[in-house]
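Chemist: Give me a 3D structure for the following:
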Amino acid sequence: MKEVAATIVAFCAACGQEGKEIAMDPSAEIPIACVLSALTPEQREREGVLLKEHLTSVREVKERDDGYSFRYDPNMNLFGRLAELVTLEHRCCPFLDFQLQWGRATSDPWLHVRGGARVKDFVRDTFTQKAAR
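Modeler: Residues are numbered from 1 along each chain as shown. Modelled structure (predicted):
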């Protein structure tokens, strides 16, 4: 029964698809629940466009214990749009941690999406090519 409570039911791959059930893990500090009202319809549409661009732009995916990391080609415009995606996703999925990284140590930009083992499936299903299939 504990596994059921920890199961993420809020698989809302653009955090706004109607008819998706929202569940919370009562043992978690931050509820695993999408805040569907956090985005306007226009923002939700923009989020979908940006998420599709992310899916087609990823050059490498690294699985982490607490989430996934995504590498992109070094493109300033893409990096700006990724920052916009992170802003929208953060509003509707506050249980996720996002980090955009592009500095001296890495020639390519990376997006790290984390939240712990309890949200790892959600991150995989939302932010990897598997979600596009």
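
Chemist: can we go C-alpha only for contacts and neighbour counts from here?
Modeler: OK.

Chemist: which residues of the protein fall in strands?
Modeler: Shown for the chain, the strands assigned by DSSP state E span residues 60-64, 67-71, 97-101, 110-114.

Chemist: right, so of these, which gets closest to Leu36?
Modeler: strand 97-101 (17.7 Å; CA to CA).

Chemist: Next up, the contacts around the residue nearest to Glu60 when sequence neighbours are not counted.
Modeler: In space, and not counting its chain neighbours, Glu60 is closest to Arg71: 5.0 Å by CA to CA, 6 or more residues apart in numbering. The contact partners of Arg71, by CA atoms under 8 Å, 6 or more residues apart in numbering, come to 58-61, 108-111.

Chemist: that older thread, redo the strands of the chain as TSV? Include distance to Glu42 and mean pLDDT.
Modeler: Listed next are these as TSV, based on distance: least, CA to CA, whole Å; pLDDT from 0 to 100:
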stretch	distance to Glu42	mean pLDDT
strand 60-64	29	95
strand 67-71	26	96
strand 97-101	22	96
strand 110-114	24	97
